[in-house]
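**Q** Build the 3D model from these lines:
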Amino acid sequence: MLTVNGRTPAAQYLRRSTEHQQYSFENQSDWNAHYEEAHGMEIVRTYSDVESGVNLRDGLEKLIEDVETSRADYRVILVYDVSRWGRFQDIDESAYYEYRCKRSGVAVHYCAEQFDNDSGFLSSLFKSIKRSMAGEYSRELSAKVFAGQVRLVRLGFHMCGASGYGLRRQLVDRDRNPKGLLAPREAKSIQSDRIILVPGPPDEVNVVKEIYSRYINGWDMARIARWINTRGLPSDTRTPWTNKRVQGILTNEKYSGTNVFNRQSAKVGCKAVYNPPERWVRCEGAFTPIVSREVFAQAQSTRLARCKKATDAELLSKLRALWQRTGTLSSHIVEGAPDIPCGKVYVDRFGSLTHAYALIGFIPKKYNFEYTSANRRALELCPGICNDIARQLRDKGASVDIESPSTHLRIESPFTNLRINGEFTAAVILAPARHKTKKPGKYQWIIRAKQWRGADVAVVVRLTPGDLEILDYYCFPTTEPLPETIKLLSRNDLAFDVFRFDTLDPLIQMSRHSRVGGSQ
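**A** Take a look at the predicted model:
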């Protein structure tokens, strides 16, 4: 083992997650220094993370990378206590990071714990308890913080986020006495201070009022956005105005003086979700309004009336009228037309804009009919092929859950995810044959890496020309360094064809459970 001045080289990992003195960098470093002195070690490298949270951080990420790529010039990692890896909801996550270090030959020592990290029964038991306590602390802290935020919102204080166009953040003391306006990204410096929203500059306030007035009087959001842009008025982010930005002003109750909180939330370690209105926390009359409650309510009624779902015939009629007026069609023309729905409406209703074009008789100059027809045939075959693959796996004793297949023609190739034995995911991707543009009679099969992201295995099902039957299978492990776009030919390099199979035997073998031990 390498030594430094006759001592064992060590690294230390520091993480400050609270304001408590116990977890300051200085305190953690002092404990680690005493530990290294008592155990004949020498700290040669320090990794640290300042931000709190439960996600993997830069310092920890760099430590794991150095350890697993053999760049580490140390053999021991010193950590203040078990919770310094992170207060994860899943206690196995912090254990996983420790395991990755030990697997690479680097031991982990907890300097402030009352047990030796020797992989014995007691140390394993104590670590499990400590990790559970850290996760529970994180959950309890989240609930307490949310309860405190709800109380302050109901008192009329602004909780988080930018003020928005036409508004400014006003800093007040505990008695609501004004202390000054906060600049963008500027935060309060005294814990007892609070923030409220106040009307911004008169020119921005007038624009907000004009947006409501013109919308109620028949203007749509696209027309309003163009009107503001032609006047050269920047938004609060200094970017051009869009339909979505106008919609945000028309639908946010803060412009009528109402404080709204918890429209969107995220549990620890999960993605953010939009909450139903009954879970919102509201406080009417919290701020000085820019528009009255009556004007805001009228704008919402106007919006609901305009959102009435049009029939397919009405949508196509509007698209045909736009074609006759402009002489051509494109996604840019559709998005810029104020009198028809946006392109997403046509994609959701008809599968793609090009399919909607075909229904009214418009043919783009560069429209690839072969591409769309091949995708349509593959979409029809996708459910049957995926069900057949699931049946073959179940016949061999595996459990298979099928996720909803792709349903849009605009994707590169149809795909479906299979969850096998509750242990790993296989992305089944149908690849229709396509003619090579400059080589008549030659075919290629195109697959995009984005279609198997999140899956453990990519099972590419190549279809014969005409897409009538299965040609062969390619089983790519997603851990392999594959390119973002794979173009398979009739004959390929060994780098690709090593994963080619005539049957699903490799996937079936992966799904089988083998007995461990001598009993049969």
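
**Q** And the helix or strand that contains residue 136, how far out from the chain middle?
**A** Element membership for residue 136 (DSSP states H and E) is helix 121-154. Relative to its chain's centre, helix 121-154 lies at 24 Å (Cα atoms, centre = their mean, to the nearest Å).

**Q** mind listing what's buried in it?
**A** Neighbour-count burial for helix 121-154 flags 126-127, 130-131, 134-135, 138, 149, 152-153 (criterion: 16 or more other Cβ atoms under 10 Å). Placement of C-beta: from N, CA and C, glycine included.

**Q** Check stretch 222-241 too.
**A** For stretch 222-241, a neighbour-count test (16+ other Cβ under 10 Å) marks 222, 224-228, 235, 241 as buried.

**Q** Including pLDDT, could those go into JSON lines?
**A** Output for these, formatted as JSON lines (pLDDT from 0 to 100):
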{"residue": "222", "pLDDT": "80"}
{"residue": "224", "pLDDT": "89"}
{"residue": "225", "pLDDT": "88"}
{"residue": "226", "pLDDT": "85"}
{"residue": "227", "pLDDT": "89"}
{"residue": "228", "pLDDT": "90"}
{"residue": "235", "pLDDT": "82"}
{"residue": "241", "pLDDT": "87"}
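
**Q** And these, which is closest to residue 118?
**A** residue 235 (59.9 Å; Cβ to Cβ).

**Q** other SSEs contacting the helix holding residue 136?
**A** Applying 3 or more Cβ pairs under 8 Å, 6 or more residues apart in numbering; DSSP states H and E, we find helix 121-154 packed against helix 91-103, strand 259-261, strand 281-283.

**Q** Quick one: residues in contact with the longest one.
**A** Right, helix 91-103. Residues outside helix 91-103 that contact it (Cβ atoms under 8 Å, 6 or more residues apart in numbering): 60, 63-64, 67-68, 77, 82, 85-86, 88, 107-108, 127-128, 131-132, 134-135.

**Q** Which pair of the buried residues of stretch 222-241 spans the longest distance?
**A** Pairwise distances across the buried residues of stretch 222-241 (Cβ to Cβ) peak at 15.2 Å, for the pair 222 and 235.

**Q** Wait, residue 398 touches residue 509, no?
**A** No: applying Cβ atoms under 8 Å as the test, residue 398 and residue 509 come out as separate, 10.6 Å apart.

**Q** who's more crowded, those two?
**A** A side-by-side neighbour count of residue 398 and residue 509, using other Cβ atoms under 10 Å, places residue 398 first with 19 against 10.

**Q** ok, now which ones touch the more buried one?
**A** Going by Cβ under 8 Å, 6+ apart, residue 398 touches 420-421, 508, 511-512.

**Q** Now for residue 345, how many residues are close by?
**A** So residue 345, with other Cβ under 10 Å, has 15 neighbours.

**Q** so it touches residue 318, yeah?
**A** No: assessed by Cβ under 8 Å, residue 345 is found out of contact with residue 318, at 10.1 Å.

**Q** picking up where we left off before, restricted to helices, list the contacts of residue 398.
**A** Among the contacts of residue 398, the members found in helices (DSSP state H) are 508, 511.

**Q** out of the contacts of residue 398, which is most surrounded?
**A** Neighbour counts for those, by other Cβ under 10 Å, peak at residue 511, which reaches 22 neighbours.

**Q** just checking, that one touches residue 393?
**A** Yes: between residue 511 and residue 393 there is a contact under Cβ under 8 Å: 5.2 Å.

**Q** Any chance you could list residues touching both of the two?
**A** Jointly contacting residue 511 and residue 393 under the rule Cβ under 8 Å, 6+ apart are residue 420.

**Q** show me where the stretch 251-400 of the chain has strands.
**A** For the stretch 251-400 of the chain, the strands defined by DSSP state E, counting those that start in this stretch occupy 259-261, 264-265, 273-274, 281-283, 400-402.

**Q** do the stretch 401-520 of the chain as well
**A** Ranges of strands in the stretch 401-520 of the chain, per DSSP E, counting those that start in this stretch, are 415-420, 424-431, 434-436, 439-448, 457-463, 470-477, 485-488, 500-501.

**Q** Show me the contact partners of the second one.
**A** Contacts with strand 424-431, where a contact means Cβ under 8 Å, 6+ apart, come from 378, 381-382, 385-386, 389, 413-420, 445-447, 451-452, 454-463, 488, 507, 510.

**Q** That one: how far from the chain's middle?
**A** Here the centre of strand 424-431 is set off from its chain's centre by 21 Å, with Cα atoms, centre = their mean.

**Q** ok, and for that strand, which residues are buried?
**A** Neighbour counts over strand 424-431 (16+ other Cβ under 10 Å) mark 425-431 as buried.

**Q** what stretches of the stretch 1-150 of the chain score poorly on pLDDT?
**A** For the stretch 1-150 of the chain, applying pLDDT under 70 flags the ranges 1-5, 17-23, 51-56, 89-90.

**Q** 50 - rerun?
**A** Residue ranges of the stretch 1-150 of the chain with pLDDT under 50: 1, 53-54.

**Q** which residues touch residue 443?
**A** The neighbours of residue 443, taking Cβ under 8 Å, 6+ apart as the test, are 433-436, 465, 489-490.

**Q** Name the surrounding residues that touch stretch 223-230.
**A** Residues from elsewhere that reach stretch 223-230 (Cβ under 8 Å, 6+ apart): 207, 211, 214-215, 219, 240-243, 245-246, 338.

**Q** next one: stretch 477-490
**A** Residues contacting stretch 477-490 (Cβ under 8 Å, 6+ apart): 431, 442-450, 452-453, 455-458, 460, 462, 474, 476, 496.

**Q** among those residues, which ones are buried?
**A** So, of the contacts of stretch 477-490, 431, 443, 445, 447-448, 452, 455, 457-458, 460, 462, 474, 476, 496 end up buried under the neighbour-count rule (16+ other Cβ under 10 Å).

**Q** Can you tell me which of the residues you listed is nearest residue 194?
**A** Using Cβ to Cβ, residue 455 comes nearest to residue 194 of those, at 47.3 Å.
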